[in-house]
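Student: Sequence and predicted model, in that order:
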Number of protein chains: 2
Amino acid sequence: MSEAGGAVAVVGGGVIGSLFAAHLAQVCNVSVLCRRPEHAEALRSDGLRVSGRHELQANVEAGVSPAELPEPWLAIVATKATELDRAADSLAGRWPGAAVMPVQNGLGAEEVVRARGSWPLLSAVTFMSGTKHSDTHVEYVLDTETWIGPYDGAPLELAERVGRLLADAGLKVEVLPDLRPAQWSKLIFNATVNGVAALTGLRHDFHFAAEGEDGDLGHLVRALIQEGKAIARAAGIELHDDPWQMNELATRRGSAHYPSMLEDVDARRPTEVELINGALVRKAREHGVEAPLQTALYRLVKAREASYLEG
Amino acid sequence: MSEAGGAVAVVGGGVIGSLFAAHLAQVCNVSVLCRRPEHAEALRSDGLRVSGRHELQANVEAGVSPAELPEPWLAIVATKATELDRAADSLAGRWPGAAVMPVQNGLGAEEVVRARGSWPLLSAVTFMSGTKHSDTHVEYVLDTETWIGPYDGAPLELAERVGRLLADAGLKVEVLPDLRPAQWSKLIFNATVNGVAALTGLRHDFHFAAEGEDGDLGHLVRALIQEGKAIARAAGIELHDDPWQMNELATRRGSAHYPSMLEDVDARRPTEVELINGALVRKAREHGVEAPLQTALYRLVKAREASYLEG
């Protein structure tokens, strides 16, 4: 694999992919692998604009097939979890010299990529968020960290090199020798907050931490998180952050975050329920842990999806 | 109290109130106590039309205060549970010679009425359903039974007399010496089906009884009903019908029923969550029964309500 300074490919031009691409383009050559030809065409002609936390204008290459793009030393796969299978298929047999870093919510993205090739892999979790205003303009809303770690025997130095690159590009980053504690913290947080938001229609606001009255939602959120922590313990994971503290902290922010699963439900799109809630519930089963509330949440969100995807 | 053949008052001109009023008007004088003056005016000038299962045209008296209406021997309080407090307030000190029969979903309507007067009371549960097309036209969709029983020491003969009157008017009716077994069957069914429908957006269709795959909703519905049955047992109630059988039977009907709590959520109205899910959860606490799933459902539906009622 070539040294940092070579080209980086970003697979997926949604909010997270666009934020990575525009920042990285400040320090290296970046190409974006898109799903829609008109998206690639717009990126080639107009570049990529970031507003909000950072103000950036970036030139990027773009295409709808890896064959159209220069071979990168690093491919960041930043599609939604629901698009990961398709994106991984398109990489099969390509870019043998690259390292691949999937950045999806939930658990299991690395296995999905690994099934398509023997690239060195990095695990990543990002807490950045933004709003996509057009194919070429994304607003950077939360400039929170991305966490990176080696996966499946990849060297820590590879994660550190990618970490330095992202930091040089102006992004907040932390490199960890083992990402699973962080992935699980986010998994439990996401399963709970995204699931509850998708069902109730509430953005991630004060209700999620309210425990004053018996009917208050915070009691349920706390119980869901406790189940998640019991699953993590049974799986031998020591969490990086306490998901309840993550929940409390986030609900104290000025404006309530619009959880992506609620966004998907409101737009009547498929959600990431299988890679988030489904993954957590399957881990509970695998390790023999009872998780009645997380299981209920999983089944309810799937039913909510069915109400608009079927029929 | 006067003999059957005297006037009957129906409090509330929604679907259920209109169905009672139009049918009873075929065999006795009926007045409807409305909330909105224009509703009373429309009923006085146009009468009340029923289509669907039965085709009826009825003349009724109508007003917005009991003072405008003839004293009845029977007052059927058929408002939604969310309107019951207001309706009961309007009856306080009125119609001392009448028997009062509240017909709300959930538990506790009789206590709400009792707190306003010493009328003989009847308990009632109805399974009728319909669609309101206008203030003076309701479509009769399910011509299922109404169950009646004495409450708080009222004589069984009173319930039987009201039963005969409803049967003469063409309605299906069953008189029971103790209505609690039927109320609880419907309570458990309603808490479960209405709650799940309100969260998922699904009408009461095959999903509610599906147990083929692990993520299927029927598993959750079954577990919710099992919790409900455990609460009933602890409260010393032997159920009249098994709520799971009610669920299975209803999902096998040709067209999926539109549960009223989902209707309320879709229309961004207050729901009956407190008198249904809240009542069941409070009974669990009162009798020392764990009900984590019904409690979760209660908190989620309240949060769903908050998403559109607050702010």
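Tutor: Ah, there it is.
Student: need the helices for chain A, in chain order.
Tutor: In chain A, the helices defined using DSSP state H lie at A:15-24, A:37-46, A:84-91, A:109-114, A:156-168, A:180-200, A:217-234, A:243-251, A:260-266, A:279-286, A:292-309.
Student: Need those in CSV (columns: mean neighbour count).
Tutor: Glycine gets a C-beta too; all of them are placed from N, C-alpha and C. Below are the helices of chain A laid out as CSV (neighbours: other C-beta atoms under 10 Å in any protein chain shown):
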stretch, mean neighbour count
helix A:15-24, 26
helix A:37-46, 16
helix A:84-91, 17
helix A:109-114, 20
helix A:156-168, 18
helix A:180-200, 26
helix A:217-234, 21
helix A:243-251, 19
helix A:260-266, 21
helix A:279-286, 20
helix A:292-309, 22
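Student: A:M101: which of these is closest?
Tutor: helix A:156-168 (6.6 Å; C-beta to C-beta).
Student: With mean pLDDT added, can I get the helices of chain A in TSV?
Tutor: Listed next are the helices of chain A as TSV, based on pLDDT from 0 to 100:
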stretch	mean pLDDT
helix A:15-24	98
helix A:37-46	98
helix A:84-91	96
helix A:109-114	96
helix A:156-168	98
helix A:180-200	96
helix A:217-234	98
helix A:243-251	94
helix A:260-266	95
helix A:279-286	97
helix A:292-309	98
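Student: Domain boundaries for chain A, per the record?
Tutor: A:8-175, A:180-309 (automatic domain parsing).
Student: The shortest one and chain B, are they touching?
Tutor: Yes: for a cut-off given as C-beta under 8 Å from any C-beta of the partner chain, domain A:180-309 has contacts with chain B, namely A:196, A:199-202, A:207, A:215-217, A:219-220, A:223, A:278, A:292-293, A:295-296, A:298-300, A:302-304, A:306-308.
Student: Pull the number of nearby residues for A:D178.
Tutor: 15 (other C-beta atoms under 10 Å in any protein chain shown).
Student: so who does it touch?
Tutor: By C-beta atoms under 8 Å, 6 or more residues apart in numbering or on different chains, the residues touching A:D178 are A:G149.
Student: Backbone dihedrals for it, please?
Tutor: Per-residue torsions, A:D178: phi -140, psi 120 (degrees, to the nearest 10).
Student: Point me to the residue of the stretch 51-200 of chain A nearest chain B.
Tutor: Using C-beta to the nearest C-beta, the single residue of the stretch 51-200 of chain A nearest to chain B is A:T200, 4.0 Å away.
Student: nearest spatial neighbour of A:V15, skipping sequence neighbours?
Tutor: Nearest residue to A:V15, sequence neighbours excluded (C-beta to C-beta, 6 or more residues apart in numbering or on different chains): A:G130, at 4.4 Å.
Student: whoops, I mixed them up, A:Q57
Tutor: A:Q57 sits nearest to A:R49 (C-beta to C-beta, 6+ apart), 5.5 Å away.
Student: Also A:A88?
Tutor: A:R116 is the one closest to A:A88 (C-beta to C-beta, 6+ apart), at 4.7 Å.
Student: wait, isn't that neighbour in contact with A:A87?
Tutor: No: with contact defined as C-beta atoms under 8 Å, A:R116 does not count as touching A:A87 (9.6 Å).
Student: Could you list which residues are in contact with the residue of the stretch 51-200 of chain A closest to chain B?
Tutor: A:H207, A:L217, B:L199, B:L300, B:A303, B:R304, B:A306, B:S307.
Student: Would you quantify the distance from A:N247 to A:F208?
Tutor: Counting by C-beta to C-beta, to the nearest Å, the gap from A:N247 to A:F208 is 6 Å.
Student: shared neighbours of the two, anything?
Tutor: A:V193, A:V221.
Student: Please tell me I have it right and the residue nearest to A:Q57 contacts A:A22.
Tutor: Yes: with contact defined as C-beta under 8 Å, A:R49 reaches A:A22; the gap is 7.4 Å.
Student: what's the overlap in contacts for the two?
Tutor: A:L56, A:A58, A:V138.
Student: quick one: which of the residues you listed is most hemmed in?
Tutor: A:V138 (26 neighbours).
Student: need the strands for the stretch 1-150 of chain A, in chain order.
Tutor: A:8-11, A:30-33, A:48-52, A:56-58, A:61-63, A:74-77, A:99-102, A:121-126, A:129-134, A:137-142, A:146-151 (DSSP state E, counting those that start in this stretch).
Student: Of all the domains of chain A, which one is nearest B:A230?
Tutor: domain A:180-309 (13.8 Å).
Student: How about the residues of the stretch 51-200 of chain A by chain B?
Tutor: A:V196, A:L199, A:T200.
Student: rerun at 10 Å
Tutor: A:G195, A:V196, A:A197, A:A198, A:L199, A:T200 (C-beta under 10 Å from any C-beta of the partner chain).
Student: rewinding a little: I'd like the strands of the stretch 1-150 of chain A written out as JSON lines, with mean pLDDT and distance to A:A267 added.
Tutor: Listed next are those as JSON lines, based on pLDDT from 0 to 100; distance: least, C-beta to C-beta, whole Å:
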{"stretch": "strand A:8-11", "mean pLDDT": "98", "distance to A:A267": "22"}
{"stretch": "strand A:30-33", "mean pLDDT": "98", "distance to A:A267": "22"}
{"stretch": "strand A:48-52", "mean pLDDT": "98", "distance to A:A267": "21"}
{"stretch": "strand A:56-58", "mean pLDDT": "97", "distance to A:A267": "27"}
{"stretch": "strand A:61-63", "mean pLDDT": "97", "distance to A:A267": "24"}
{"stretch": "strand A:74-77", "mean pLDDT": "98", "distance to A:A267": "22"}
{"stretch": "strand A:99-102", "mean pLDDT": "98", "distance to A:A267": "23"}
{"stretch": "strand A:121-126", "mean pLDDT": "96", "distance to A:A267": "21"}
{"stretch": "strand A:129-134", "mean pLDDT": "93", "distance to A:A267": "12"}
{"stretch": "strand A:137-142", "mean pLDDT": "95", "distance to A:A267": "17"}
{"stretch": "strand A:146-151", "mean pLDDT": "96", "distance to A:A267": "25"}
